[in-house]
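Peer 1: Structure, please.
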Amino acid sequence: MATGGLGRELWAEAFKQVTGVAMREQADVTGSTERVILRETARLHGIDYDEGLFSRFADALGMLHVRRAAELRERGHALPGAAVVLAAVADRGVRQSVVTGNVRAAAEVKLAVFGLDAYLDLDQGAYGEDGDGRPELLRAALGRAGVGPESAVFLGDTPADVAGGREAGVYTVAVATGRTPAAVLRDAGADAALDGLSDTSRVLASLDH
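Peer 2: The predicted structure follows:
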């Protein structure tokens, strides 16, 4: 989903709230979890990082998303085809959840604002609080869902997602809905790579393995 720039604004506001320092720059966010981004952004500002800082930041970021949910709805949008694909997969009787580097409260707001949460069991997902990298998050989600990696399919949009899926032993479908083209995601080792989610039949076909 796209936030129309609001995501970075909320991140910067939460950073200032918990550190007392205005954010001059943010560490690269592509494929990273909030814990890693906060740790590296704190380092860029000469701020000591610990888990207490992350906990306070996660709370602040979640509350900011709740307070500005209406603005997020106005400025952002779900990716084309996302809701249709989720509904089609649900019709197959497949359990669905989310594996994201976002903190859970922020992820829940984003999904609810764009009407995607109805298709997902968020208690079986994994979030930025669950680890530093995608392999950890995937293993956490698999554990909560009570399934092995051979029974799951993971959709991601960055090379880090692809690498995480491969390390966790999960069949990985890469979708070029972010900054990385499908060809690059395929070369990174994705089991299947798509240009987007608009072609529902093609997306569904890519999930079969």
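Peer 1: The protein: strands as residue ranges?
Peer 2: 153-156, 171-175, 192-194 (DSSP state E).
Peer 1: Can you tell me what sits against the shortest one?
Peer 2: Residues lying outside strand 192-194 but in contact with it, judged by CB atoms under 8 Å, 6 or more residues apart in numbering, are Thr172, Val173, Ala174, Val175, Ala176, Ala182, Ala183, Leu185, Arg186, Arg202, Val203, Ser206. Every C-beta, even on glycine, is put in place using the N, C-alpha and C of the backbone.
Peer 1: contacting residues around Arg166?
Peer 2: Thr172, Gly189.
Peer 1: I'd like to know how far it sits from Phe114.
Peer 2: Distance, Arg166 to Phe114, using CB to CB, to the nearest Å: 29 Å.
Peer 1: One more: Leu86?
Peer 2: 11 Å.
Peer 1: likewise Glu51?
Peer 2: Counting by CB to CB, the gap from Glu51 to Phe114 is 31 Å.
Peer 1: Which stretches in this structure count as helices?
Peer 2: 6-19, 34-44, 51-67, 69-75, 82-91, 104-113, 134-145, 159-168, 182-187, 200-207 (DSSP state H).
Peer 1: domains of this structure?
Peer 2: Listed by automatic domain parsing, the domain ranges of the chain are 6-74, 77-207.
Peer 1: For the residue nearest the centre of the chain, list the residues it contacts.
Peer 2: By CA atoms, centre = their mean, the chain has its centre lying nearest to Thr100, at 2.9 Å. Thr100 makes contacts with Ala107, Gly125, Ala126, Tyr127, Gly128, Leu137, as judged by CB under 8 Å, 6+ apart.
Peer 1: Out of those residues, the closest to Leu79 would be?
Peer 2: Comparing the contacts of Thr100 against Leu79 with CB to CB places Ala107 closest, at 14.8 Å.
Peer 1: what's the burial count for Ser201?
Peer 2: 8 (other CB atoms under 10 Å).
Peer 1: 15 is where my numbering starts, stick with that
Peer 2: New numbering, starting at 15: the last item is Ser215.
Peer 1: Between Glu65 and Phe128, which is the more surrounded one?
Peer 2: Phe128 (18 against 8).
Peer 1: Could you find the closest non-adjacent residue to that one?
Peer 2: Ala92 (3.9 Å; CB to CB, 6 or more residues apart in numbering).
Peer 1: distance of Val189 from Gly210?
Peer 2: As judged by CB to CB, Val189 and Gly210 stand 7 Å apart.
Peer 1: cool, Glu48 as well?
Peer 2: Applying CB to CB to Glu48 and Gly210 gives a distance of 26 Å.
Peer 1: just Thr55 next, same as before
Peer 2: 30 Å.
Peer 1: Between these two, point out the one with more neighbours.
Peer 2: Set side by side, Thr55 and Gly210 show more neighbours around Thr55, with 23 against 16, by other CB under 10 Å.
Peer 1: residue contacts, the closest residue to the more buried one other than its chain neighbours?
Peer 2: Among residues not flanking Thr55 along the chain, Ala41 sits closest, at 4.6 Å (CB to CB, 6+ apart). Shown in contact with Ala41 (CB under 8 Å, 6+ apart): Val50, Ile51, Glu54, Thr55, Arg57, Leu58.
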